[in-house]
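Asker: what's the 3D shape of this:
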Amino acid sequence: MKTEVEVVADDGNLCGEGPYWDEREQALYWTDITGRKLFRYVWRERRHELLSDDFEVGGFCRQLDGGFLVTNRHGIWLWRLGESPHLLAAEVDGQECVMNDCSADPAGRVYGGSCHLDEAGQSAPSFLFRVDTDGSVAIADEGISFSNGVAVSESNRTLYFADTAARCIYAYDWRPNDGALSHRRVFARVDRSEGVPDGLALDAEGFVWCAQWFGGCITRFDPDGKRERRVAIPAAQSSSLCFGGPDLDEIYVTSAGQSNAEVLAPEGYDPSQVFLGGPLYRLKLGIRGQLKYRSNIARPATKEPSDSGAANEKNL
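Answerer: Predicted structure coming up:
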């Protein structure tokens, strides 16, 4: 039986990413990274709106206080709509925070990684970072190729992390009291013919979902890393997903309309012969999801020269 996939919004997102369901507002947020836009879909009114178009939002979490923790190519930021962003870190221990996706854990910490893929397919060393609730940032792991989706399971104390260039999803033991990670292992691999792993989400049964860029699909893995199902999405560059709706039984999937990272594409892939993407999609499969956690990152008390950095970022 073919799954019905609905277009919720079609603004031609160049790199739609990071869907986040806000249960307080009953609204879905997502970003167009390349287009430097942040959107919101208001569920009850069945309408969407542009919230910002002057700040690059790569990955993001909703803060407990209603603001945002943002990761982008220039660092890690605290931000409120209508205000200048505050830079928490542009580098950590000499490593640049050229950031991609991020996600919070139950304590409000945030994990996100860097990426440095060039046109030849080479990646400078990348890192997984942890932002603690006091606003400090530390390196959580190294030996990463291209950081992407992150998801934290409180029930089995596991953090899942997609390394796109390595074509795998890692699992870590996650320690609740301090957020430390250990025992990295490969949870699942994605064959090159099926695209590369991108954004992640968890459902209520403890299964892991992954959007596969170039693959035009979202995939569900069981707790042992075995693929349980693959659901086709109309866009080849399906980028990320989350569960939403009042009953958390709707799956929202972002996509990207600008060709990117072709060096990682399947053999024979021709972007001119496929629909790349751009819309935000929604589907229902009778499966309930888990909410993404809210971040709870404080602005450090020590004054840092971040306001000028934020102003510069808005002009990049």
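Asker: C-alpha only now, for contacts and for neighbours.
Answerer: Noted.
Asker: Surely Val263 forms part of a helix?
Answerer: Yes. Counting by DSSP: H, G, I helix; E, B strand; the rest coil, Val263 is found in a helix.
Asker: what about it, neighbour count?
Answerer: Counted with other CA atoms under 10 Å, the neighbours of Val263 add up to 15.
Asker: Same check on Asp105?
Answerer: Neighbour count for Asp105, taken as other CA under 10 Å: 22.
Asker: Over to the one 10 residues further on?
Answerer: Around Cys115 there are 26 other residues, counting by other CA under 10 Å.
Asker: Skipping its backbone neighbours, what lies nearest it in space?
Answerer: Distance criterion CA to CA, 6 or more residues apart in numbering; nearest residue to Cys115, sequence neighbours excluded, is Phe146 at 4.6 Å.
Asker: just Gly112 next, same as before
Answerer: Distances taken as CA to CA, 6+ apart place Cys102 nearest to Gly112, at 4.1 Å, with adjacent residues excluded.
Asker: Could you tell me the per-residue confidence at the one you found?
Answerer: As predicted, Cys102 sits at a pLDDT of 98.
Asker: repeat for Glu45
Answerer: So Glu45 comes in at 98 (pLDDT).
Asker: just Asp118 next, same as before
Answerer: Looking at Asp118, its pLDDT stands at 77.
Asker: For it, give me the backbone phi and psi.
Answerer: With angles defined as degrees, to the nearest 10, Asp118 sits at phi -110, psi 180.
Asker: got it, and Ser193?
Answerer: Dihedral angles for Ser193 - degrees, to the nearest 10 - are phi -70, psi -20.
Asker: same check, this time on the one 5 residues further on
Answerer: The phi and psi torsions at Asp198 (degrees, to the nearest 10) take the values phi -130, psi -120.
Asker: so it sits right up against Tyr160, yeah?
Answerer: No. In this structure Asp198 lies outside contact range of Tyr160 using CA atoms under 8 Å: 11.7 Å.
Asker: out of these two, which sits in the busier spot?
Answerer: A direct count of neighbours by other CA under 10 Å for Asp198 and Tyr160 places Asp198 higher, at 32 against 23.
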